[in-house]
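**Student:** fold the stuff below for me.
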Amino acid sequence: MKCALVTGGSRGIGSAICQKLATDSAYHILINYQSNESAALETLQKIQANGGSGDIIKFNVADADEVKNALSAWQENNPDAVIEVVVNNAGITRDGLFMWMSADDWSQVINTSLNGFYNVTSFLIQKMLRNRYGRIINIVSVSGVKGTPGQTNYSAAKGAVVAATKALAQEVAKRKITVNAVAPGFIKTDMTGALDENELVKMIPVNRFGEAEEVADLVSFLASKKAGYITGEVININGGIYS
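**Tutor:** Residues are numbered from 1 along each chain as shown. Purely as a prediction, here's the structure:
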């Protein structure tokens, strides 16, 4: 059984990615979530309704032991399963001006995006190297390439993952493992629900927010065999706001 793991897969962009991978590929989808089990189950039901298969798997990406225990237990219960694709999508924001940013708001954001990338990818990469195949796709942000005021912590975390993407891609390319990053701009999700869309679209050349499904289409392509010669790339999907 060949599988794709999507962290933070229960809602928003993560849920759209889970559904798109299930539709476009034969992968069994592992939907990771931290607290919202009902949203994860809803995503799974949508996958199954379209003829796909999957499991929900609970762990906090920022907790190395939790990641290891959950993935080890799943692997033991599914000895013939191979995780070929990992989408590091889990992330949180704790926005605020840097001068007033608490140590907790800084470290939580870094731990989720950056250490979460390390914890999940380091667990899976040995097997990918042995199998001589893999797709690692990191969901970053326009904040990680352009920098966004009020998001110094989030920009730092995502910018670090951008740099890690470029370095890791060079290390594992000979084993047919690609490592790419996708950097969304303003996408309609719960995370952007509180933003003033009418004001912000004035900054976006295509004059609208993006859809989670549009990000999922790009991720699905990068996860496919067709994208074997693309690695170490950061692909912006932001309506022309920054590239």
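
**Student:** show me what contacts the residue nearest the centre of the chain?
**Tutor:** Closest residue to the average C-alpha location of the chain: N89 at 1.9 Å, with Cα atoms, centre = their mean. Taking Cβ atoms under 8 Å, 6 or more residues apart in numbering, we find N89 in contact with V6, T7, G8, G9, I13, G14, I17, I139. Placement of C-beta: from N, CA and C, glycine included.

**Student:** list just the nearest of these to K176.
**Tutor:** V6 (21.0 Å; Cβ to Cβ).

**Student:** that closest one and A22: what is the separation?
**Tutor:** According to Cβ to Cβ, to the nearest Å, V6 stands 10 Å off from A22.

**Student:** if we can go back for a sec, how about the contacts of N89 in CSV, adding pLDDT?
**Tutor:** Written out in CSV, the entries for the contacts of N89 read as follows (pLDDT from 0 to 100):
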residue, pLDDT
V6, 98
T7, 98
G8, 96
G9, 96
I13, 97
G14, 97
I17, 98
I139, 98
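
**Student:** and which of those is nearest G210?
**Tutor:** I13 (9.5 Å).

**Student:** alpha carbons of stretch 14-22, as PDB, please.
**Tutor:** C-alpha atoms of stretch 14-22 as PDB (Å, rounded to 0.1, in the frame of the first residue of the first chain):
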ATOM      1  CA  GLY A  14      -4.500  20.600   4.200                       C
ATOM      2  CA  SER A  15      -7.900  19.200   3.700                       C
ATOM      3  CA  ALA A  16      -8.000  20.300   0.100                       C
ATOM      4  CA  ILE A  17      -4.600  18.600  -0.500                       C
ATOM      5  CA  CYS A  18      -5.800  15.400   1.100                       C
ATOM      6  CA  GLN A  19      -8.800  15.300  -1.200                       C
ATOM      7  CA  LYS A  20      -6.900  16.200  -4.300                       C
ATOM      8  CA  LEU A  21      -4.200  13.600  -3.800                       C
ATOM      9  CA  ALA A  22      -6.800  11.000  -3.200                       C
END
